[in-house]
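no FASTA, just this:
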């Protein structure tokens, strides 16, 4: 009986240690990323509030092209220190105030784990997805991994709503044309700085 408990505890410790490396290994090896996403927002009573979908293209150090295609087309474009919100239907682009990115999921894409002090810790597995929880001052932030790849990000906003971003067709470290991160607008667009 004691040998069985000892073996189980060794197996459990090895599983947790192996799981903790999944987060670090993924983000340390990440230089660029392409994926499709679905973002769903739920109320504090777990009612579905909204659902959007589109594509994500990312390249370190600070380049992001978040293209929402459904239900309305919008682009969030980060190029170094400029963050633009582009609404194609309204033909409008507005320069956003760059906030403290350490309080957003984007911080984890930009920063490699070996430069971060408070890494997310493995919390649990659910339906084949290993979840890591990060303690941030403002939000509960979770990262879900399956087979070593990022599957989902979950966070609660200031209204206690849960935002779940699920990824599919994820490609790690693809070649990316740098033009995708350049603000190129039709002359009809209004630009708000």
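Perfect, I can see it now. Just so we're clear, the structure is a prediction, and the values are computed from it rather than from any experiment.

where do the strands sit along the protein?
32-42, 48-59, 63-70, 74-79, 82-87, 92-96, 121-126, 129-135, 140-146, 149-156, 162-172, 190-192 (DSSP state E).

Relative to residue 24, which of those strands is closest?
strand 129-135 (9.6 Å; C-beta to C-beta). Using the backbone N, CA and C atoms, a C-beta is placed for each residue, glycine as well.

And the closest one, what does it pack against?
helix 2-29, strand 121-126, strand 140-146 (3 or more C-beta pairs under 8 Å, 6 or more residues apart in numbering; DSSP states H and E).

what is the mean pLDDT for that strand?
The predicted model assigns strand 129-135 a mean pLDDT of 88.

Flag every buried residue along it.
For strand 129-135, a neighbour-count test (16 or more other C-beta atoms under 10 Å) marks 129, 130, 131, 132, 134 as buried.

could these go into TSV alongside distance to residue 191?
Compiled in TSV, the buried residues of strand 129-135 are given as follows (distance: C-beta to C-beta, whole Å):
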residue	distance to residue 191
129	41
130	43
131	40
132	39
134	35
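
And for stretch 43-56, what's in contact with it?
33-42, 64-71, 159-162, 167 (C-beta atoms under 8 Å, 6 or more residues apart in numbering).

which residues touch the closest residue to residue 171 other than its chain neighbours?
Spatial nearest neighbour of residue 171, excluding adjacent residues (C-beta to C-beta, 6 or more residues apart in numbering): residue 34 at 4.6 Å. For residue 34, the contacting residues are 55, 56, 57, 58, 169, 170, 171, 174, 176, by C-beta under 8 Å, 6+ apart.

what does residue 71 give?
51, 52.

Backbone torsions only: list them for it.
Main-chain torsions, residue 71, degrees, to the nearest 10: phi -80, psi -20.

thinking again about what came up before, which of the contacts of stretch 43-56 count as buried?
Here, 16+ other C-beta under 10 Å leaves 33-35, 37, 39-42, 64-68, 162, 167 buried among the contacts of stretch 43-56.

Out of the residues you listed, which is nearest to residue 78?
For the buried ones among the contacts of stretch 43-56, the nearest to residue 78 is residue 64 (4.0 Å; C-beta to C-beta).

Dig out what the nearest residue in space to the closest one that is not next to it in sequence forms beta bridges with.
Spatial nearest neighbour of residue 64, chain neighbours left out: residue 78 (4.0 Å); criterion: C-beta to C-beta, 6+ apart. In this entry, residue 78 is beta-bridged to residue 64, residue 83, by DSSP bridges.

what's the spacing between residue 78 and residue 131?
Using C-beta to C-beta, to the nearest Å, one obtains 26 Å as the distance from residue 78 to residue 131.

Next, count neighbours for residue 46.
7 (other C-beta atoms under 10 Å).

Could you check how far it is from residue 80?
Distance, residue 46 to residue 80, by C-beta to C-beta: 38 Å.

got it, and residue 193?
In terms of C-beta to C-beta, residue 193 sits 16 Å off from residue 80.

Below-threshold pLDDT in this protein: ranges please.
1-20, 98-103, 111, 113-114, 136-139 (pLDDT under 70).
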